[in-house]
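In: Next one to model:
(one chain, ligands or ions: 1)
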Amino acid sequence: MTRRAQPVPDPSNPGGFLPNGAAAKSGLNRAILSKGWYRFEQALTSVSRYTGTTVVKVPAAFTSQRCSACGHVDPKSRESQAVFRCTHCAHSGHADVNAAKNILAAGLAVTACRESAAPAGAAVTSTQEPAGNREELMLQPT
Ligand SMILES: [Zn+2]
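Out: Numbering: from 1, shown residues only. Reported below is the predicted structural model:
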């Protein structure tokens, strides 16, 4: 996501390079990396305990190049930023929707592995009872 822009050689000027948007990409990289992703993950995990949901970390590699219908991975399937057309099975759709389906499938696979790894009858839950309102706790007699 934060890979630097590739240099574009100038065919009419050997040894020279064409503009490749490196300054814009550099600014985007700086903005992405300055967001504090670890704290975001901590906040998401904290909220998930109260709501009984599960946070699953999925490696993002190749999720935008993998076909959600047949599983074939090919960078050429990504016709543009928005269009995905599989080179193997001709499945087509919006590239972001295709990637989201791949990420969902990977997350469900991780969750299924966790559930099958637990012994029978041992319900593993990450749900925590809400602590309640801070004022409510302080008003209780001791
Ligand atoms: Zn396909």
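In: What does residue 17 show for phi and psi?
Out: phi -130, psi 150 (degrees, to the nearest 10).
In: neighbours around it, how many?
Out: By other C-beta atoms under 10 Å, 11 other residues sit near residue 17. Heads up, the C-betas are built off the backbone N, CA and C, glycines and all.
In: who's in contact with it?
Out: 7-10 (C-beta atoms under 8 Å, 6 or more residues apart in numbering).
In: That one bridge partners, please.
Out: For residue 17, the beta-bridge partners are residue 9 (DSSP bridges).
In: any idea how far residue 7 is from it?
Out: Distance, residue 17 to residue 7, using C-beta to C-beta, to the nearest Å: 5 Å.
In: same check, this time on residue 93
Out: With C-beta to C-beta as the criterion, residue 93 and residue 7 are 32 Å apart.
In: for residue 19, same thing?
Out: From residue 19 to residue 7 the distance is 10 Å (C-beta to C-beta).
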